[in-house]
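Student: Provided below are the primary sequence and the corresponding predicted coordinates.
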Amino acid sequence: MRAAHAARPEAYIPLRKRDLGETLARFPGLKVEDAASFQRLCRLLHALVHCHLEATLDELKDAYAPFDPDADTRDGTALSQQELDLRREVLFEGFGRLLARANFHRLAEAEINAALEDRSHWGLHLTVDFTLFDRLELYYRGDRMGTRYRRAWRNRFRSEAIDVPIYQRLVLIFHLKRGQKYSNVLDTDDVYLKLFKDIPKLDLDMLLPGSQVKMSLFDRARVALPVMSGIGIMIYKLFLGIALAFGSTLAFLGLVGGTVGYGVRSLYGYLNTRQKYQLNLTQSLYYQNIDNNAGVIHRLLDEAAEQENREVMLAYFFLWHDAPAEGLTAAALDARIEAWLEREAEQSVDFEIADALGKLVQFRLVQQSKGLWQAVPIEEAIRLLAEHWRELPEARSKQHVDADSRRLAT
């Protein structure tokens with residue numbers, strides 16, 4: 001699949017925090033000493049955001065521990081079914097909040113059903129048995145148009161590029177009902193997490209357990225009609241007394257054999273298409289699967305931390321260096337950041353200004369007066385962040401906290 005282009009702007013900022021910090025430090029008109037101060041501020045921000053999210057990681061790990069199919073540690077105290085149900089609910093809710101912080105969106109039931117109604121790009125229709133699931137949720141990030149290649153008879157079976165809507169990142173979390181047919185493959189006591197990349201919307205059903213290839217009416221007719229017509233001809237000839245001559249009998253048998261043979265060939269062609277689809281599906285998922293189960297939590301937590309860092313860095317920088325002395329409204333700041341991101345990232349971004357300003361308020365790095373936002377001076381901001389780091393309960397419990405904060409601030 002070739003590079004995807006955006007179908008509509010999203011909140012995700014496609015720049016690594018280190019690259020973003022270095023790019024901002026080279027902003028036109030920024031003095032060398034101010035750039036160095038901004039880099040120090042960024043290092044403190046990175047440490048603080050990571051420390052705040054560390055508690056979220058521990059909570060999710062504890063909630064997921066009883067349901068992790070890959071766990072290799074001994075279970076602790078046995079939990080009752082009521083306690084397990086409560087922990088599972090905490091897991092689903094906490095996982096949803098984490099995905100929201102990483103700028104994922106939950107797929108609505110209507111969107112899932114729309115994807116399941118159409119055929120895949122291999123011309124096959126899949127069905128999903130949703131009665132298998134006790135709970136199933138899908139999340140995506142990056143609603144894009146991508147390019148795939150296929151061969152079609154209209155193009156003399158030469159490879160041709162087609163635009164397909166895709167999800168750049170797709171996350172599944174599901175728990176199966178007890179007593180289902182998949183219990184011999186997947187443990188119904190566990191909760192499964194899956195993270196994929198570049199999944200075409202029409203192929204959404206191929207990611208779900210219990211999906212099966214379903215013959216369409218056209219496929220069934222293509223196989224059944226030749227066979228039924230052959231049987232009909234045979235019955236018709238029998239009633240007409242076709243056994244009058246050896247030659248006519250031989251001709252009849254050839255006609256029926258050819259008709260039935262065409263039906264068998266049609267069935268073989270369908271089965272061959274289905275087998276080819278399954279092979280393509282296996283190969284695609286091998287390369288499109290990014291992570292599974294507990295690894296998904298760790299990866300998404302890292303992405304959430306990256307995203308929050310980017311938002312805070314951008315909001316503070318443009319208030320500190322690029323705003324007039326009286327400050328900017330939230331809308332004006334949002335517009336400036338989005339215009340800059342469109343030039344630097346080469347795609348439209350729906351910057352989450354409310355989240356960024358909220359985090360800056362929490363760190364006391366901004367002030368508001370008469371609807372205008374102003375950043376505190378850079379040296380004051382560094383001092384406040386270092387002070388905030390020392391006040392963290394998590395930080396106080398670690399060794400060398402003061403030494404770390406002094407190193408980060410210098």
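Tutor: Received, thanks. Numbering: from 1, shown residues only.

Student: Stretch 339-353: which residues count as buried?
Tutor: For stretch 339-353, the neighbour count (16 or more other C-beta atoms under 10 Å) marks 340, 341, 344, 349, 351, 352, 353 as buried. Any C-beta I mention is one placed from the backbone N, CA and C, and that applies to glycine too.

Student: For residue 367, list each beta-bridge partner.
Tutor: On the basis of DSSP bridges, residue 367 is bridged to residue 374.

Student: wait, isn't it in contact with residue 380?
Tutor: No - using C-beta atoms under 8 Å as the test, residue 367 is too far from residue 380 to be in contact (10.8 Å).

Student: between the buried residues of stretch 339-353, which is closest to residue 317?
Tutor: Using C-beta to C-beta, residue 340 comes nearest to residue 317 of those, at 9.6 Å.

Student: which SSE is that closest one in?
Tutor: According to DSSP states H and E, residue 340 maps onto helix 330-344.

Student: what does the very next helix or strand once past that helix rub up against?
Tutor: Per DSSP H and E, the first helix or strand lying C-terminal to helix 330-344 is helix 353-362. Identification of contacts with helix 353-362 by C-beta atoms under 8 Å, 6 or more residues apart in numbering yields 49, 308, 311-312, 314-316, 319, 330-331, 333-334, 337, 366, 373, 375.

Student: And the strands in the stretch 251-400 of the chain?
Tutor: For the stretch 251-400 of the chain, applying DSSP state E, counting those that start in this stretch gives strands covering 289-292, 366-369, 372-375.

Student: Low-confidence regions, the protein specifically.
Tutor: Low-confidence segments of the chain, defined by pLDDT under 70: 1-8, 76, 118-126, 149-159, 180-185, 210-284, 393-410.

Student: can we see that at 50?
Tutor: Scanning the chain for pLDDT under 50 picks out 1-3, 123, 243-247, 395-406, 408.

Student: domains of it?
Tutor: Domain segmentation of the chain under automatic domain parsing yields 14-52+296-409, 60-214, 217-273.

Student: Which one of the ones you listed lies nearest to residue 288?
Tutor: It is, among those and with distance given as C-beta to C-beta, domain 60-214, at 5.1 Å.

Student: And what about the closest residue to residue 167 other than its chain neighbours, helix, strand or coil?
Tutor: Residue nearest to residue 167 in three dimensions, not counting chain neighbours: residue 140, with 4.0 Å by C-beta to C-beta, 6 or more residues apart in numbering. Under DSSP: H, G, I helix; E, B strand; the rest coil, residue 140 falls in the strand class.

Student: Show me where the stretch 201-350 of the chain has its helices.
Tutor: Assigned by DSSP state H, counting those that start in this stretch, the helices in the stretch 201-350 of the chain fall at 217-239, 246-288, 294-320, 330-344.

Student: For the shortest one, name the packing helices and strands.
Tutor: Yep, that's helix 330-344 we're talking about. Applying 3 or more C-beta pairs under 8 Å, 6 or more residues apart in numbering; DSSP states H and E, we find helix 330-344 packed against helix 294-320, helix 353-362.

Student: So residue 196 sits against residue 288, correct?
Tutor: Yes - using C-beta under 8 Å, residue 196 is in contact with residue 288, at 5.1 Å.

Student: Comparing those two, which residue is more hemmed in?
Tutor: residue 196 (21 against 16; other C-beta atoms under 10 Å).

Student: Which helix or which strand is home to the closest residue to that one other than its chain neighbours?
Tutor: Excluding the flanking residues, the one nearest residue 196 by C-beta to C-beta, 6+ apart is residue 170, at 4.7 Å. Per DSSP H and E: residue 170 is located in strand 159-176.

Student: Give me the buried positions along the next helix or strand after that strand.
Tutor: Remark: after strand 159-176, the chain's next helix or strand is strand 192-200, criterion DSSP H and E. Buried residues in strand 192-200, counting neighbours by 16+ other C-beta under 10 Å, are found at 192, 193, 194, 195, 196, 198, 199, 200.

Student: Distance to residue 326 for the residues you listed - can I get that in a markdown table?
Tutor: A markdown table is the format used below for these (distance: C-beta to C-beta, whole Å):
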| residue | distance to residue 326 |
| --- | --- |
| 192 | 53 |
| 193 | 48 |
| 194 | 50 |
| 195 | 45 |
| 196 | 48 |
| 198 | 46 |
| 199 | 47 |
| 200 | 49 |
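
Student: any idea which of these is closest to residue 82?
Tutor: For the buried residues of strand 192-200, the residue nearest residue 82 by C-beta to C-beta is residue 192; the value is 22.1 Å.

Student: so that closest one bridges to which residues?
Tutor: residue 174.

Student: If I follow the layout properly, it ends up in contact with residue 171?
Tutor: No - between residue 192 and residue 171 there is no contact under C-beta under 8 Å: 11.2 Å.
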